[in-house]
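Undergrad: What would the 3D arrangement of this be:
(2 chains)
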Amino acid sequence: MPNPTYKAIATTTVGAGGTSNIEFTSIPASYTDLVIKLSARSARSATQDFIQININTSASNFSARGIEGNGSTVTSFTDTVFFGAMPGASATASTFGSLEAYIPNYGGSTYKSYLADSVTENNAATAYTELVGGLWSQTSAITSIKLLSATSNNFSQYTTATLYGIVKS
Amino acid sequence: MAKPTKLVVNCETGEQSVIELTDEEIAQLEADRQAAEAQRAEQEAAEATRAAKRLSAADKLRALGLDEAEVAALLG
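TA: Model prediction:
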């Protein structure tokens, strides 16, 4: 089997003052799968914040199942547009969380599934790990992806998001 | 005070734009923020209650004579 090849489609870094959401638009249909890598921090006044995904400007028709660990308890949950976690403004200064997501067959005509794993960073007892399986129950090809804070706070400066395409091989 | 923005990256052209949100989008953002914080507080309270109940249940099981391994087996 040939090795899949990552190609960076676009990358962006949030500037001074932060931004409420990051949108990748006009995603080309020339790949088989998509990967999102996000290094993020939120302006929320808490040790953590949570990330949501919208596809093709829609926040509807999503369903997700997840597992969350926070250093002391583990919980499973159901949600809709939940995508992952990131440190908030009260977490250890200058630290950023990491998220990686895989979206197979994004250009196909079946429903779109995704897997997202993420961690917050915090030099304290509580830090979050999230593993999420999600489904967007729509048959349209994915042409845009929006990432936003679940609590409508800003992504902090230096948050970086990269969208990769997996090259057909 | 500067208006909130969104960062839009056009994957075809590579163009990146920082766009100020409209007043309508800002109002929606604020409403969503309040709703999300309320929901999260509710979830955290429920998790704290569950954790306290778990500790209480463990104490009651010990009082019944179960050893630590048995308590752990029951409560996972």
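
Undergrad: Show me the beta-bridge partners of residue A:166.
TA: residue A:6, residue A:33 (DSSP bridges).

Undergrad: Return the backbone torsion pair for the residue in chain B that chain A sits nearest to.
TA: Among all residues of chain B, residue B:33 sits closest to chain A, at 3.6 Å; criterion: Cβ to the nearest Cβ. Every residue, glycine included, has its C-beta placed from N, CA and C. Main-chain torsions, residue B:33, degrees, to the nearest 10: phi -60, psi -50.

Undergrad: What score does it have for pLDDT?
TA: Per-residue pLDDT puts residue B:33 at 83.

Undergrad: Then the one 3 residues further on?
TA: Each residue has a pLDDT score; the one for residue B:36 is 82.

Undergrad: and the closest residue to it other than its chain neighbours, how many neighbours does it have?
TA: Spatial nearest neighbour of residue B:36, excluding adjacent residues (Cβ to Cβ, 6 or more residues apart in numbering or on different chains): residue A:151 at 4.3 Å. Counted with other Cβ atoms under 10 Å in any protein chain shown, residues neighbouring residue A:151 total 23.

Undergrad: Equivalent analysis for residue B:3, please.
TA: If you count neighbours by other Cβ under 10 Å, residue B:3 ends up with 13.

Undergrad: State the distance from the residue nearest to it when sequence neighbours are not counted to residue B:27.
TA: In space, and not counting its chain neighbours, residue B:3 is closest to residue B:20: 4.4 Å by Cβ to Cβ, 6+ apart. Here the distance between residue B:20 and residue B:27 works out to 14 Å (Cβ to Cβ, to the nearest Å).

Undergrad: what's the residue sitting furthest away from the middle of chain B sitting at in phi/psi?
TA: Computed with Cα atoms, centre = their mean, the residue of chain B farthest from its C-alpha average is residue B:65, at 37.2 Å. Here is the backbone geometry of residue B:65 (degrees, to the nearest 10): phi 110, psi 0.
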